[in-house]
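1. Got a sequence here, can you build the structure:
(one chain, ligands or ions: 2)
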Amino acid sequence: MKNIFLFLSFVIFIVSCDSSKEKKGDAEGETKKMDLQVPSFNEGNAYQFIQAQVDFGPRVPNKPAHTETKEYLIEKLKSFGAIVQTQNFEADTYDGEVWNLTNIIASIQPEKTKRILLAAHWDTRKIADKDTERKNEPIDGANDGASGVGVILEVINAIQKSENKPDVGIDVIFFDGEDNGEPHGLSSNDPSKTWWCLGSQYWSANKHTPGYSAYYGILLDMVGGINAQFHKEGYSMKYAPSVVEKVWNTADKIGYGNFFINNQVIPIVDDHYFVNEVAKIPMIDIIAHDPTSGDFFPDFHHTHKDNMDVISQETLKAVGQTLLQVIYEE
Ligand code: AHN
Ligand code: ZN
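-> Ligands and ions are numbered 1, 2, ... in the order given. Down below sits the predicted model:
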């Protein structure tokens, strides 16, 4: 009798261990958060943040719209309760100008030691070199620039408004001077010879806080296009493959696998290259790719088509909700 009792308690013990494993464990054997309540990403807000940037006019360095947008972004971040810093510096351009640039850096939950870095560029390209018309005029950059900034602003807003806080802190960097590489066809994809990414090159060599690091980073570049596809970009896979897998698996799990495609593509020199190589922080790039275009990028890229007409709230939602899910699962 006593033996049967012992045996039954043993069976009950094993069964309860098993079921708790099922609840807590995931495929990688990490502890899953119980009762995780992830705030909803408001794509309408993100759209408005993109519209507001575009309404200033092209954010070309050394122009008034650039200064006005900088003030708008600083104020917006402060209105969400973030701690905001700026990093001002001068940079030479490929065509002999000297630009006054500003990286905008913001933090929430500064007391948390485990931190995720979210980044996008806030400047606009000063030429429409891939267009057939008005090639020498600056583009709106609704997608190329403003979309990543708009999604990050709404991620911060959603976290700050929510009663549920993630266990990680978030740092934001809006890099300046990303988009002034040489005209199409003249620019090289060799990072040691690049005129792109002036803000991330500066920051990576001169961090706002010496020794600053993050658990990992996520760069957003052109994340608002209608029917956008995000493939697994080469440098992201080289430097931070586990972060790529985490983000793509999370997107799939919450129903956005039609945007996040399980396919590896070539490396692109973008801000994340310098953050990985120089700042030594593993950072991925969520960047739009069109496999049919022949030059990696979708057809609006560096043309006057890159205006509010190409922005889709469905795409903004897919990217923003995926980011929030990833952040809350950390
Ligand atoms: C190159 O074309 C080498 N890099 C492009 C990075 C970029 C420009 N992202 C948006 N605009
Ligand atoms: Zn660009």
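2. where does the protein come near ligand 1, residue by residue?
-> Taking C-beta under 6 Å from any ligand atom as the test, the list of the chain residues beside ligand 1 reads 144, 179, 181, 187, 189, 196, 221, 268-270. Where you see a C-beta, it was placed from the backbone N, CA and C, and this is true even at glycine.
3. which stretches of the stretch 151-300 of the chain form strands?
-> For the stretch 151-300 of the chain, the strands defined by DSSP state E, counting those that start in this stretch cover 169-175, 216-221, 230-232, 260-264, 283-287.
4. Within range of ligand 2, give me the residues from the stretch 151-300 of the chain.
-> Neighbours of ligand 2 within the stretch 151-300 of the chain, by C-beta under 5 Å from the ion: Asp179.
5. Closest residue of the stretch 151-300 of the chain to ligand 2?
-> Asp179 (4.1 Å; C-beta to the ion).
6. Report the helix or strand with the lowest average pLDDT across the protein.
-> In the chain, no helix or strand scores lower on mean pLDDT, DSSP states H and E than helix 2-24, which sits at a mean of 44.
7. Extract the C-alpha set from the helix or strand that it is followed by and format it as PDB.
-> For helix 2-24, the following helix or strand on the C-terminal side (DSSP states H and E) is helix 43-55. C-alpha atoms of helix 43-55 as PDB (Å, rounded to 0.1, in the frame of the first residue of the first chain):
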ATOM      1  CA  GLU A  43       0.000  51.900 -37.000                       C
ATOM      2  CA  GLY A  44      -2.100  55.000 -37.300                       C
ATOM      3  CA  ASN A  45       0.200  56.800 -34.900                       C
ATOM      4  CA  ALA A  46       3.300  55.500 -36.700                       C
ATOM      5  CA  TYR A  47       1.800  56.800 -40.000                       C
ATOM      6  CA  GLN A  48       1.200  60.300 -38.500                       C
ATOM      7  CA  PHE A  49       4.800  60.400 -37.300                       C
ATOM      8  CA  ILE A  50       6.000  59.700 -40.800                       C
ATOM      9  CA  GLN A  51       3.600  62.300 -42.200                       C
ATOM     10  CA  ALA A  52       4.900  64.900 -39.800                       C
ATOM     11  CA  GLN A  53       8.500  64.300 -40.900                       C
ATOM     12  CA  VAL A  54       7.600  64.400 -44.600                       C
ATOM     13  CA  ASP A  55       5.600  67.600 -44.000                       C
END
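8. Show me what helix 43-55 is in contact with.
-> 59, 69, 72-73, 76, 122, 140-142, 145-147, 149-151, 153-154, 157, 224, 307-308, 311, 313-314, 316-317, 320 (C-beta atoms under 8 Å, 6 or more residues apart in numbering).
9. what's the neighbour count on the residue of the stretch 151-300 of the chain closest to ligand 2?
-> Using other C-beta atoms under 10 Å, Asp179 has 27 neighbouring residues.
10. tell me the contacts of it?
-> When contacts are counted by C-beta under 8 Å, 6+ apart, Asp179 touches 121, 123-125, 141, 144-145, 196.
11. got it, and Gly257?
-> With contact set as C-beta under 8 Å, 6+ apart, Gly257 has these partners: Ala251.
12. how close does it get to Gly177?
-> Distance, Gly257 to Gly177, by C-beta to C-beta, to the nearest Å: 34 Å.
13. In TSV, list the strands of the stretch 151-300 of the chain along with mean pLDDT.
-> Shown next, in TSV, are the strands of the stretch 151-300 of the chain (pLDDT from 0 to 100):
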stretch	mean pLDDT
strand 169-175	99
strand 216-221	99
strand 230-232	98
strand 260-264	98
strand 283-287	99
